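Student: 3D model of this:
(one chain, ligands or ions: 1)
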Amino acid sequence: ACQHRLWSEIESVVKQQVAWARTGIGECGVGWQLFAEDGEMRMYRREEEVDGMAVDPLKAVHTVPGITGHEVCHYFFGPQYRYDWETTLEQMTVLETISEDTLVFLQTHKRIWPASQRDVLFWSHMRKLPNESDRDGPDLWTVVNNSTHHPDYPPNVGKCVRIYLKVCLLCQTRVDPPKDGAPLTRDNISCKITYCSVVNPGGWAPASVLRAVYKREYPKFLKRFTAYVVNQTKNKPIMF
Ligand SMILES: O=S(=O)(CCO)c1ccc(-c2ccc(C3CCCC3)c([C@@H]3C[C@@H]3c3ccccn3)c2)cc1
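Tutor: Residues are numbered from 1 along each chain as shown. So this is what the prediction gives:
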């Protein structure tokens, strides 16, 4: 797959998105506002408009006990799980399997009144990253989703308005080994999750409506998805 047509784009977008996800909210520049908080979860956004459309970048950080970054990325990337946790999903198709860690998806999301229905076509790439800050620590894992084109599915042909997105899920596992040298259990691990997304809604939709949708849907999505991973993994061996 290294010679695949998308390979160089994937390499550059993954590097750019991971660097962005690693940037603490304090160094992200001005204008970021905390808009949702729930336990360990903090969600920030910055109001930005492109051609009069709200394309507010979002950055969420969350720490979830009992799971690893590999497990979080595995359930986020895998098409076989998506209908279980993505509540706004109406239809999902894998258009291309580029490699075991790179897929091309076409998704239609449920219509959100009064905006017209949306679809999105993106490549999704999962990758393990070396832990640069702690060489002995567990690796980082990431999934990057980036809008792309496919000759058989041109945008805005059917009823759906094509949206354009860039998403990065970056996960860092933390291990606190038990004092008495006992074997590691899920009580000794947690995962620091950073979720970044920028969504261009494609066609016109009132900024106030979009912002209300994002305010409602993003916290729900991250809570539901992480609860799903905890539930799927609780009786399984830890996947580092
Ligand atoms: O992280 S992912 O790659 C996970 C793979 O599915 C991803 C996340 C979010 C979206 C998304 C993009 C735009 C919209 C809106 C824009 C105007 C009308 C539909 C929605 C609808 C709002 C609901 C939504 C928002 C946030 C999270 C989940 N649902 C969702 C797509 C993919």
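Student: check contacts around the spatially most central residue of the chain.
Tutor: In the chain, the C-alpha nearest the mean C-alpha coordinate belongs to residue 169, at 4.1 Å (CA atoms, centre = their mean). By CB atoms under 8 Å, 6 or more residues apart in numbering, residue 169 lies in contact with 72, 73, 76, 142, 143, 144, 193, 194, 195. For the C-beta atoms, the positions are set from N, CA and C on the backbone; glycine is no exception.
Student: if I look at the residue lying farthest from the centre of the chain, how far off is residue 126?
Tutor: Here the centre of the chain is the reference, and by CA atoms, centre = their mean the most remote residue is residue 180, at 36.7 Å. Separation of residue 180 from residue 126 (CB to CB, to the nearest Å) stands at 35 Å.
Student: likewise residue 198?
Tutor: The gap separating residue 198 from residue 126 is 20 Å, by CB to CB.
Student: just residue 202 next, same as before
Tutor: 26 Å.
Student: The longest helix along the chain - contacts with which helices or strands?
Tutor: Taking DSSP state H as the criterion, the chain has its longest helix at helix 207-233. Using 3 or more CB pairs under 8 Å, 6 or more residues apart in numbering; DSSP states H and E, the elements in contact with helix 207-233 are strand 33-38, strand 41-45, strand 53-54, strand 58-65, helix 69-77, helix 79-85, strand 189-200.
Student: and these as a markdown table, adding mean neighbour count and distance to residue 98?
Tutor: Formatted as a markdown table, the helices and strands packed on helix 207-233 follow (neighbours: other CB atoms under 10 Å; distance: least, CB to CB, whole Å):
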| stretch | mean neighbour count | distance to residue 98 |
| --- | --- | --- |
| strand 33-38 | 13 | 34 |
| strand 41-45 | 19 | 31 |
| strand 53-54 | 19 | 30 |
| strand 58-65 | 19 | 27 |
| helix 69-77 | 24 | 13 |
| helix 79-85 | 14 | 13 |
| strand 189-200 | 21 | 22 |
